[in-house]
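A.B. asks: Take this sequence and fold it.
(one chain, ligands or ions: 1)
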Amino acid sequence: MTETREDAAPTGKGTILFGGSGFLGPYILENYPDVISVGRTPPSTANRHIQVDNLANLDALRDVAFDKVIFIIGNTDHYNLEKEHVPAGEPTAFDYHVTPLIQTLEHSFPRRSIAQYL
Ligand SMILES: NC(=O)c1ccc[n+]([C@@H]2O[C@H](COP(=O)([O-])OP(=O)(O)OC[C@H]3O[C@@H](n4cnc5c(N)ncnc54)[C@H](OP(=O)(O)O)[C@@H]3O)[C@@H](O)[C@H]2O)c1
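C.D. replies: Prediction:
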């Protein structure tokens, strides 16, 4: 029997993922071989990885074809993140979660036609 497009298992083609080196990222990457990892640390999986040392400069994505973005950058050290007083110069929960989100959103919209940002 001929496999139709609807029957084919999704491979994640056209999707980039930020946060692939963390705890959650590899679970997605290993199940979707065409998802491209983007970030400062390569993932443990065999997916293509695009090195981006600083999210303030996402020029490395200029020629990459994608219309879906999975964003799972963050920090799971909740004990430290919930501290009321963060010593001067140390990153806050805002730095860990919101700044990277804004940086990747700014790159994705309106420069691209993005179908999904998760
Ligand atoms: N783990 C869970 O069960 C769980 C459940 C619900 C929600 N979450 C949330 O999901 C998010 C990810 O969870 P996780 O367990 O995978 O976290 P994690 O193990 O701490 O991994 C964090 C990921 O974010 C990347 N990252 C952090 N700051 C970055 C920056 N400025 N630029 C580029 N990459 C940066 C890290 O890259 P590097 O390796 O380069 O540092 C790493 O890939 C967190 O916000 C967490 O609160 C987690």
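A.B. asks: List the residues that contact the closest residue in space to A46 that isn't next to it in sequence.
C.D. replies: Spatial nearest neighbour of A46, excluding adjacent residues (C-beta to C-beta, 6 or more residues apart in numbering): P33 at 7.2 Å. All C-beta atoms are positioned from the backbone trio N, CA, C, and that covers glycine. P33 sits next to 11-12, 46-47 when contact means C-beta atoms under 8 Å, 6 or more residues apart in numbering.
A.B. asks: Which single one of these is nearest to the ligand?
C.D. replies: Closest approach to the ligand among those (C-beta to the nearest ligand atom): N47, at 13.0 Å.
A.B. asks: what's the burial count for the closest one?
C.D. replies: N47 is flanked by 21 other residues according to other C-beta atoms under 10 Å.
A.B. asks: again with G14
C.D. replies: Using other C-beta under 10 Å, G14 has 15 neighbouring residues.
A.B. asks: which residues does it contact?
C.D. replies: Taking C-beta under 8 Å, 6+ apart as the test, what G14 contacts is 34, 65-68.
A.B. asks: Tell me how far it lies from D34.
C.D. replies: Distance, G14 to D34, by C-beta to C-beta, to the nearest Å: 8 Å.
A.B. asks: P87 too?
C.D. replies: From P87 to D34 the distance is 42 Å (C-beta to C-beta).
A.B. asks: ok, the two, which is more surrounded?
C.D. replies: Counted by other C-beta under 10 Å, P87 and D34 do not tie: D34 has more neighbours, with 13 against 6.
A.B. asks: what secondary structure does the more buried one sit in?
C.D. replies: Secondary structure for D34, judged by DSSP: H, G, I helix; E, B strand; the rest coil, is coil.
A.B. asks: do the same with I16
C.D. replies: Assigned with three-state DSSP, I16 falls in the strand class.
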